[in-house]
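> let me see the structure of the following:
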Amino acid sequence: MLLDAAESAAIEVADTLAGGFGPAPRTAEPALWGFLTARAVRNDAPLSLTKQVEHSLAALAAGAAHDHLAGGFFHGCDDAAWRIPRCAKRLTDQAHLAVLLLDAAAASAKPLWHELALRTLAFAVDALRLPDGSFAHGLHADSPVGLGRWESGAVYRWSTTQVANIVGNDGARLIAQRFGLPADDDEAGYLSVGAAVTPAEQQRLPALVQRLQVARNERPQPRR
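Residues are numbered from 1 along each chain as shown. Below is the predicted model:
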């Protein structure tokens, strides 16, 4: 009865439009999301729960809380629409979300969740593992912007003009369309999955994303 009550309480505050539970800021809180993922796989799970768990995981993966260039996840988003990330990338978040995604993959047999979990763990090893084999706590939210100033998320923001300088105008148009960059070419924003693209355009995206990631690595980086 207690488990049923907890499940019902979560569904009452579910955001059926944007995904997630409760008001912004949005985080994939591991205890809640893990609990609901486990409940969603039982034989008598209500369809509303199963759909909301799947919808929330999809929103997390598509939104700006997911680093679409380097992999891994930021510490949630400040807005309900998953567009403005809380830009710290914490080791604990990578671990919790990898477990959550692996559980979701086992429950749904969807390879996407399994691939995303492995990519998240790969990010943690590549970016946070220290020379002695231990791990850093994470990457700081702030990154340098010059003259001794630091801004949250500066290294992760892109304008269409900046992208065009790296991949050309046609590539920038495709990146802006797919990842929902601001309509103003000179306004910087965070990457999140936007409009659909054609199969031919989809084949072009990995190479463009790779070039963008290389360019981002050349920017001033946040402290580890």
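> only C-alpha atoms for contact and neighbour calcs from this point on.
Fine.
> tell me the secondary structure of Asn43, please.
coil (DSSP: H, G, I helix; E, B strand; the rest coil).
> what about it, distance to Ala6?
18 Å (CA to CA, to the nearest Å).
> for Ala107, same thing?
Counting by CA to CA - Ala107 and Ala6 are separated by 20 Å.
> looking only at neighbour counts, state which of Asn43 and Ala6 leads.
Ala6 (13 against 7; other CA atoms under 10 Å).
> on the three-state scheme, the more buried one is what?
helix.
> so where do the helices sit in the chain?
Under the criterion DSSP state H, helices of the chain are mapped to 2-12, 30-40, 47-62, 91-108, 111-128, 160-179, 199-217.
> shaky segments in the protein?
Judged by pLDDT under 70, the chain has no weakly predicted residues.
> in it, which residue is most central in space?
The residue lying closest to the centre of the chain (CA atoms, centre = their mean) is His66, at 1.2 Å.
> for it, name its beta-bridge partners.
With DSSP bridges as the criterion, His66 is bridged to Phe73.
> what sits against it?
60, 72-74, 192 (CA atoms under 8 Å, 6 or more residues apart in numbering).
> now Leu118
Per CA under 8 Å, 6+ apart, neighbours of Leu118: Ala98.
> could you report the neighbour count for the closest residue to Gln177 other than its chain neighbours?
Leaving aside its sequence neighbours, Gln177 sits nearest to Ala195 (CA to CA, 6 or more residues apart in numbering; 5.8 Å). Using other CA under 10 Å, Ala195 has 11 neighbouring residues.
> so who does Ala195 touch?
With contact set as CA under 8 Å, 6+ apart, Ala195 has these partners: 177-180.
> residues making contact with stretch 86-94?
By CA under 8 Å, 6+ apart, stretch 86-94 touches 65, 72-78, 120-121, 124, 128, 135-142, 152-153.
> ok, and the closest non-adjacent residue to Ser56?
In space, and not counting its chain neighbours, Ser56 is closest to Gly19: 4.2 Å by CA to CA, 6+ apart.
> who touches the one you found in this structure?
Counting by CA under 8 Å, 6+ apart, Gly19 touches 52, 55-60.
> how near is it to Ala109?
Applying CA to CA to Gly19 and Ala109 gives a distance of 21 Å.
> try His55
From His55 to Ala109 the distance is 16 Å (CA to CA).
> more neighbours: which of these two?
Each of His55 and Ala109 has its neighbours counted (other CA under 10 Å); His55 has more, 18 against 12.
> so what's that one closest to, chain neighbours aside?
Per CA to CA, 6+ apart, closest to His55 is Gly19, 5.7 Å.
> rewinding a little: farthest-separated two in the contacts of Gly19?
Gln52 and Leu60 (12.0 Å; CA to CA).
> which residues touch Gly180?
With CA under 8 Å, 6+ apart, Gly180 has these contacts: 191-195.
> now those in a markdown table, with distance to Arg224?
Shown next, in a markdown table, are those (distance: CA to CA, whole Å):
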| residue | distance to Arg224 |
| --- | --- |
| Leu191 | 22 |
| Ser192 | 24 |
| Val193 | 27 |
| Gly194 | 30 |
| Ala195 | 33 |
